[in-house]
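1. Pasting the sequence and the predicted coordinates here, then a few questions.
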Amino acid sequence: VARGPSDNAAVYGSYLIQAHAGRLATLAAPSIATTYRSRLDLSGVLTVALSQSGKTEEIVETLEWARDCGARTLAITNGADSALAQAAEVAYVTAAGAEQAVPATKTFTTQLAALAVVAIGLGASLDPGELQAVPDAIETLLSQPMELEPIAAELSGVQGVVVSGRGLAYSPALELALKLKEACYLHAMGLSYADLL
């Protein structure tokens, strides 16, 4: 259950859990709870709600609805004292810190890590040592010089961008497209590579 960058992270979690934990996972449609007010039998279901702030009313309401329909509930949020964390049976607080810009980069990254922990808890055969190596790999990548001027110059002359990925790479493709919209005001869309073909 998510919106925006958190929804893009949820796409990653869905692929990860299905591919590596052997369990069905799907994105929820909050409007089923908030607009249609449908009643579903969610017994035996784990509902995971993701929100940077943990304050988005629609996400909190949907998690509460899922619990009322019989689901177990887990929140992944940066907001330890948020309504979402309080509404969930268990809360993974990412402690990413305040975002410094509209594109919620730290939040997205920490949500991916939290979803990997969920996948491991559900039986995924992921190597925890590889997960622990991720912060050092990111630090190494960020410390290397990067030629941004040619990239910015190339993007400044385009009308729009298509970002494509498949499987686990589909989530970052969606997120990169969103970041280009938010930060560069470009028309950008994320597409599955299969759909792009």
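-> Received it, and whenever you're ready, just let me know what you need.

2. Read off the pLDDT value for the residue lying farthest from the centre of the chain.
-> Most distant residue from the mean C-alpha position of the chain: G157, 30.0 Å away (Cα atoms, centre = their mean). Listed pLDDT for G157 reads 88.

3. Now do it against P150, distance only.
-> 12 Å (Cβ to Cβ, to the nearest Å). In this view, the C-beta of every residue, glycine as well, is placed from N, C-alpha and C.

4. what are the ranges of the strands in this protein?
-> Here the chain has its strands, by DSSP state E, at 46-51, 72-77, 90-93, 160-165, 187-192.

5. Output those in CSV; the columns should cover mean pLDDT and mean neighbour count.
-> Compiled in CSV, those are given as follows (pLDDT from 0 to 100; neighbours: other Cβ atoms under 10 Å):
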stretch, mean pLDDT, mean neighbour count
strand 46-51, 98, 26
strand 72-77, 98, 25
strand 90-93, 98, 17
strand 160-165, 96, 16
strand 187-192, 96, 18
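
6. Dump those strands into CSV; add distance to S125 as well.
-> What follows is the strands of the chain, written out as CSV (distance: least, Cβ to Cβ, whole Å):
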stretch, distance to S125
strand 46-51, 19
strand 72-77, 21
strand 90-93, 21
strand 160-165, 22
strand 187-192, 25
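
7. Which stretch among the ones you listed approaches L178 most closely?
-> Closest to L178 of those, according to Cβ to Cβ: strand 187-192, at 7.3 Å.

8. Can you list the strands that that closest one pairs with?
-> If you go by DSSP bridges, strand 187-192 pairs up with strand 160-165 (parallel).

9. now the strand it pairs with: how far from the chain's centre is it?
-> 18 Å (Cα atoms, centre = their mean, to the nearest Å).

10. could you dump it to PDB, C-alpha only?
-> Extracted in PDB, the C-alpha atoms of strand 160-165 (Å, rounded to 0.1, in the frame of the first residue of the first chain):
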ATOM      1  CA  GLY A 160      10.800  13.600 -23.000                       C
ATOM      2  CA  VAL A 161      12.500  10.500 -21.700                       C
ATOM      3  CA  VAL A 162      11.500   6.800 -21.500                       C
ATOM      4  CA  VAL A 163      13.200   4.900 -18.700                       C
ATOM      5  CA  SER A 164      12.900   1.100 -19.100                       C
ATOM      6  CA  GLY A 165      13.700  -1.900 -16.900                       C
END
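
11. who touches it?
-> Contacts with strand 160-165, where a contact means Cβ atoms under 8 Å, 6 or more residues apart in numbering, come from 155, 171-174, 176-177, 180, 186-193, 196.

12. switch the cut-off to 7 Å
-> Outside strand 160-165, the residues within contact range by Cβ atoms under 7 Å, 6 or more residues apart in numbering are 172-173, 176-177, 180, 186-191, 193, 196.

13. picking up where we left off before, out of the strands of the chain, flag the one nearest N8.
-> Ranking the strands of the chain by their distance to N8 (criterion: Cβ to Cβ) puts strand 187-192 first, at 7.8 Å.
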